[in-house]
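# Quick one, structure for this:
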Amino acid sequence: ESLVQVKHLWLPTYLKTEHSDENIEFWLACEAYKKITSQRKRIYVARKLFTSYIQPQAPKEINIDFQTKNMIAQNLQEATHTCFSAAQKRVYSLMENNSYPRFLESEFYQELCKKQISASNVVKTLRA
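Numbering: from 1, shown residues only. Reported below is the predicted structural model:
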């Protein structure tokens, strides 16, 4: 399974158990942000994303570099579709290299695999 395949399903649940769900929440929020067509709404959502995830001491502050934070702060008024792209790429990389491998090694994931195998066996038995 790839990160993209599980991002909406079990990875967010697992990340909550280890208190590191801000990255996937931010990534998903950015995906929704890019689909906003109204400039007024995009500016509103951009500010909300900034105060929730980007600004220093934000409630769900993500781990991105100072330059990226400054670039986003400077672009908030324009709120282009790509305003958060650099931060989103960084967060994806962090999840891909840190959170996702931990997820695959976790007891949580092992239990999911067992349940899926059990469910698959039931379906095979019913079809026989």
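# Pick out the residue nearest the middle of the protein.
residue 24 (1.7 Å; C-alpha atoms, centre = their mean).
# which stretches of this structure have low pLDDT?
Scanning the chain for pLDDT under 70 picks out 1-8, 116-128.
# in it, which spans are helices?
Taking DSSP state H as the criterion, the chain carries its helices at 3-6, 11-17, 22-34, 39-49, 66-75, 85-94, 100-105, 107-127.
# In CSV, list these along with distance to residue 55.
Yep, even glycine has a C-beta here, placed from its N, CA and C like the rest. Converted to CSV, the helices of the chain look like this (distance: least, C-beta to C-beta, whole Å):
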stretch, distance to residue 55
helix 3-6, 27
helix 11-17, 22
helix 22-34, 13
helix 39-49, 10
helix 66-75, 8
helix 85-94, 12
helix 100-105, 26
helix 107-127, 31
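# Nearest to residue 56, out of those?
Nearest to residue 56 among these is helix 66-75 (7.9 Å), distances taken as C-beta to C-beta.
# ok, residue 60 touching residue 23?
No: with contact defined as C-beta atoms under 8 Å, residue 60 does not count as touching residue 23 (9.0 Å).
# Show me which of these two is the more surrounded one.
Using other C-beta atoms under 10 Å as the criterion, residue 60 and residue 23 rank with residue 23 on top: 24 against 15.
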